[in-house]
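Trainee: Sequence and computational prediction follow.
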Amino acid sequence: DGADDPLFRGSCIRERVNHCNRFVAAAVLIASSVTVLTLNADADNTGHDHNGKLKPYTESPPQIPLTHEERRMLNSGAPVYRSLQTEHGNQDVVIFRVNAPFETVWSVITDFASYPDWVDDLAEATIYRQEQDEIYVRFRIEHWLAGTYTYYVHHSYPWRKHGWGAWKLDYSRPSDLDDSVGFWRVTAAPGNPRYSNVTYSTAALFKGWMPEFMRKSVMKKGLQQATSWVKVQAEKRVSEVKLTHQ
């Protein structure tokens, strides 16, 4: 057999990464990625293992300064990726341009009921509690390889006032992810209020083990897939509005 062949082992690792990518794209939408676990958060009436290990965002997240080259990429339509060490954990960040105004982008981000139609392997996104800008959503991922995973996420989205929204796990319920915090920021593109610059940042702790090189590869691919739906759906809504006015 080829188990001791480095090329064989490398091929197996690449295959595993490819299998993980679609699953992680759904998971990173709400929290980031997870490895294959042997548990499910089915008991809605029990709490999480803890009350938070990562520091959540309770005020406006800092602006991420871009280099000249990164601004050029953003203006050309290419996303910008960063990995930052912060007091909120190891944040994986993507910044991208959407050809839609601020309000339209946020209408997509907060349309939780439509998430399963937009995100691969996401079977459920149900609001189970809402108090003005505080929105609690149960997400369920069903993946042919990794199985079924459930997450309970508390979103604080005062975007109408501040242009940003943050999330953390709802620790009053059990999730199949150890912990996660993150934020969305949507601002008008400089010089063109019809377009928006969108920042998505997430940090996660896992119930399971994943090699660091694999985590980085899967996270980047997951960020690409999990945020592309925002651009697609927001620009689609702009096109539909234009058609109705023709």
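Mentor: Structure's in. What do you need? Numbers count the residues shown, from 1 in each chain.
Trainee: So which bits of the helix or strand hosting residue 116 are buried?
Mentor: Using DSSP states H and E, residue 116 maps to helix 115-118. Within helix 115-118, the residues that count as buried by 16 or more other C-beta atoms under 10 Å are 115, 116, 118. In short, each C-beta sits where N, CA and C put it, glycine included.
Trainee: ok, then the element right after the worst-scoring helix or strand of the chain on mean pLDDT?
Mentor: Least confident helix or strand of the chain, by mean pLDDT, DSSP states H and E, is helix 6-30 with a mean of 52. The first helix or strand that comes after helix 6-30 along the chain, using DSSP H and E, is helix 68-75.
Trainee: Residues touching that next one, excluding its own?
Mentor: With C-beta atoms under 8 Å, 6 or more residues apart in numbering as the test, helix 68-75 has contacts from 66, 79, 80, 95, 96, 97, 197.
Trainee: Of the residues you listed, select the buried ones using a PyMOL command.
Mentor: In PyMOL, this line selects whichever of the contacts of helix 68-75 come out buried by 16+ other C-beta under 10 Å:
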select buried, resi 79+80+95+96+97+197
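Trainee: quick check: mean pLDDT across stretch 76-96?
Mentor: In this model, stretch 76-96 has a mean pLDDT of 90.
Trainee: who touches that stretch?
Mentor: For stretch 76-96, the external contacting residues (C-beta under 8 Å, 6+ apart) are 28, 32, 54-57, 64, 66, 70, 73-74, 97, 181-182, 197-205, 216, 219-220, 223-224, 227, 231.
Trainee: gap between the two ends of that stretch?
Mentor: Taking C-alpha to C-alpha, to the nearest Å, the first and last residues of stretch 76-96 lie 10 Å apart.
Trainee: and residue 175, how far is that from residue 109?
Mentor: The spacing between residue 175 and residue 109, counted by C-beta to C-beta, to the nearest Å, is 20 Å.
Trainee: again, but for residue 240
Mentor: Residue 240 is 17 Å from residue 109, by C-beta to C-beta.
Trainee: Which one of these two is surrounded by more residues?
Mentor: residue 109 (21 against 9; other C-beta atoms under 10 Å).
Trainee: list the contacts for the nearest residue to residue 168 once chain neighbours are set aside?
Mentor: Nearest non-adjacent residue to residue 168, counting by C-beta to C-beta, 6 or more residues apart in numbering: residue 56, 4.1 Å away. Residues in contact with residue 56 (C-beta under 8 Å, 6+ apart) are 88, 166, 167, 168, 181.
Trainee: which of the contacts of stretch 76-96 count as buried?
Mentor: 28, 32, 54, 56-57, 70, 73-74, 97, 181-182, 197-205, 219-220, 223-224, 227, 231.
Trainee: Now the longest strand along the chain: average pLDDT?
Mentor: Across the chain, the longest stretch assigned as strand under DSSP state E is strand 192-205. Averaged over strand 192-205, pLDDT sits at 91.
Trainee: do the same with stretch 128-135
Mentor: pLDDT averaged over stretch 128-135 gives 95.
Trainee: Ends of it, what's the gap?
Mentor: 8 Å.
Trainee: Mind listing what's buried along it?
Mentor: Neighbour-count burial for stretch 128-135 flags residue 135 (criterion: 16+ other C-beta under 10 Å).
Trainee: Check the offset of it from the chain's centre.
Mentor: 19 Å (C-alpha atoms, centre = their mean, to the nearest Å).
Trainee: what does it rub up against?
Mentor: So stretch 128-135 is in contact with 110, 112, 127, 136-138, 152, 154-160, 165, going by C-beta under 8 Å, 6+ apart.
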